[in-house]
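# no FASTA, just this:
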C-alpha cells in the first residue's frame with residue numbers, strides 16, 4: 001500500500017466549512033450533481049441504498065485509523081488494491097448511528113461479506129464458509145429466516161447485562177415448562193391411542209365374524225323348523241324317532257359350536273319383555289301371567305359376546321279385555337250396592 005505523509009493536522013475544518021457556507025450557491029449545484037450521480041451509481045452496484053450507506057460508514061471508520069496515525073492513501077490504492085477489513089464490526093453501533101434496524105444491519109453486513117466487499121474473519125468462520133471450506137454455517141449454507149414476530153424482544157442498548165440474562169433465563173424456563181406440559185399431553189395422548197388401538201383390535205377379533213354369524217344362525221333356525229314340522233304322532237314311529245334324535249343332537253352340537261365362538265341364544269320364554277333383546281310381533285291375552293311377559297317365541301334371538309346379533313321375535317302377554325255383558329253385570333252390581 002502506498003502511504004504518503006498527511007497534511008490533515010494543517011487543515012482547519014471550521015475554516016473549510018466557513019468557505020463552503022459563504023460560497024454555497026456556487027458550490028451547491030456541483031455538489032448535488034456529484035451526490036445524485038454517486039447515489040445512482042451506488043444503487044446500480046448494490047441495488048440497495050441502505051447497504052451502500054453501511055459501506056460508506058465502514059469506509060469512514062477505516063479512514064479514521066489513517067487519520068489518527070497522521071497518514072493518508074491515494075484513491076487507487078484504497079479502492080482497488082484492498083477491501084475493507086474490519087477486525088470488529090459492532091452491529092449495535094452501526095444500527096444506532098445510521099438509525100437502521102439492527103437485524104437489517106446484520107443481514108446486509110452478511111450480504112456485503114458474501115460479495116467480498118468487506119471481510120470479518122476474526123474467528124476464521126465466514127470467509128472459509130463462503131469459499132465452501134466450512135459447512136453448516138448459519139446464513140451461508142444453512143438458511144436463516146428472520147421471524148416475522150419475535151417471541152422475545154430486548155433493547156440491549158438500555159438494559160444491564162444481568163437484567164437481560166435474567167429475562168432470557170425466565171423466558172427459557174417458561175419455554176421448558178411449556179415443553180414439559182406438551183410432553184405430558186403427548187404421553188397421555190399416546191396412552192389413550194394405545195388403549196383405543198387395543199380395544200379396536202380386541203373388538204375386531206370379537207366382532208369381526210358378525211356378518212358370518214348372522215348367516216350361520218340360520219342353520220339353527222332350519223334345524224328347529226325341521227324338528228317342529230314333525231308331529232307328535234309321527235315322532236312315535238320308530239323309524240322317525242331316530243331321525244328326531246339325530247336332529248336333537250345336531251341342534252345341541254350347533255348351539256355348543258355357537259357358544260364356542262361367542263354366539264349365545266337369548267332365553268325369552270316367561271321372561272319380561274326387553275326392547276334391547278326382543279322384538280314384539282304380537283300381543284296375546286293371558287290371565288295367568290303379568291302383562292309384558294313373553295309367552296311365545298316365534299324366532300329365537302342371539303347375541304355375539306355382549307352385542308345383539310339378532311333380536312328374538314316374540315309374542316307378549318297383555319291383560320284380557322272384559323266382554324260387554326260381563327262389564328254391564330259388574331256395573332249393575334256396583335250400582336245396587
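Yes, it's here. Quick caveat: nothing in here was measured; it's all calculated off a predicted structure.

# all strands of the stretch 201-337 of the chain, in order?
263-265, 278-285, 294-299, 302-304, 307-310, 312-318 (DSSP state E, counting those that start in this stretch).

# quick one, which of the ones you listed is nearest to residue 257?
Nearest of the strands of the stretch 201-337 of the chain to residue 257, taken as C-beta to C-beta: strand 263-265 at 8.3 Å. For every residue, glycine as well, the C-beta is placed using N, CA and C.

# partners of that closest one in the sheet?
The pairing partners recorded for strand 263-265 under DSSP bridges are strand 302-304 (antiparallel).

# hmm, who's touching the strand it pairs with?
The contact list for strand 302-304, computed with C-beta atoms under 8 Å, 6 or more residues apart in numbering, reads 206-207, 209-210, 213, 217, 258, 262-266, 277, 309-310.

# Could you work out the most separated pair of these?
With C-beta to C-beta as the measure, no two of the contacts of strand 302-304 lie farther apart than 209 and 277, at 20.1 Å.

# what about the two, which has more around it?
More neighbours surround residue 277 than the other of residue 209 and residue 277, with 19 against 16 (other C-beta atoms under 10 Å).

# Just to check, the more buried one is in contact with residue 265?
No. With contacts counted by C-beta atoms under 8 Å, residue 277 stays clear of residue 265, the gap being 11.1 Å.

# who touches both of these two?
In terms of C-beta under 8 Å, 6+ apart, residue 277 and residue 265 are both contacted by the residues residue 301.

# Break the chain down into its domains, please.
Listed domain ranges for the chain are 3-130, 160-207, 208-264, 266-323 (source: automatic domain parsing).

# Just put these in JSON lines and tack on mean pLDDT.
Listed next are the domains of the chain as JSON lines, based on pLDDT from 0 to 100:
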{"stretch": "domain 3-130", "mean pLDDT": "70"}
{"stretch": "domain 160-207", "mean pLDDT": "87"}
{"stretch": "domain 208-264", "mean pLDDT": "80"}
{"stretch": "domain 266-323", "mean pLDDT": "88"}
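
# Can you say which of these is packed in most?
domain 266-323 (a mean of 15; mean count of other C-beta atoms under 10 Å).

# Distance from the chain centre to it, please.
Put simply, domain 266-323 sits 52 Å off its chain's centre (C-alpha atoms, centre = their mean, to the nearest Å).

# Please apply the same query to stretch 93-112.
36 Å.

# So residue 311 versus residue 264, what's the distance?
Using C-beta to C-beta, to the nearest Å, one gets 14 Å for the distance from residue 311 to residue 264.

# Quick one: closest of the strands of the stretch 201-337 of the chain to residue 113.
Taking those one by one with C-beta to C-beta, strand 307-310 is closest: 72.1 Å.

# That closest one - contacts with which helices or strands?
Packing partners of strand 307-310 (3 or more C-beta pairs under 8 Å, 6 or more residues apart in numbering; DSSP states H and E): helix 210-228, strand 302-304.

# which other residues reach that strand?
Residues outside strand 307-310 that contact it (C-beta under 8 Å, 6+ apart): 207, 210, 213-214, 217, 263, 276-277, 301-303.

# mind checking the longest helix of the protein?
helix 161-207 (DSSP state H).

# what angle sits between it and helix 210-228?
Relative orientation of helix 161-207 versus helix 210-228 (axes from the mean of the first three to the mean of the last three C-alpha atoms, to 10 degrees): 20 degrees.

# From the contact counts, what lies against helix 161-207?
Against helix 161-207 (3+ C-beta pairs under 8 Å, 6+ apart) you get no helix or strand.

# how far is stretch 263-283 from where the chain is centred?
Averaging C-alpha positions (C-alpha atoms, centre = their mean) puts stretch 263-283 49 Å from its chain's average.

# ok, and what's touching that stretch?
With contacts defined as C-beta under 8 Å, 6+ apart, stretch 263-283 is touched by 213, 216-217, 220, 255, 258, 289, 292-298, 300-304, 308-309, 311-318.

# go on, stretch 166-175?
Outside stretch 166-175, the residues that touch it by C-beta under 8 Å, 6+ apart are 151-152, 154.

# Kindly recompute the last result at 6 Å.
residue 152 (C-beta atoms under 6 Å, 6 or more residues apart in numbering).
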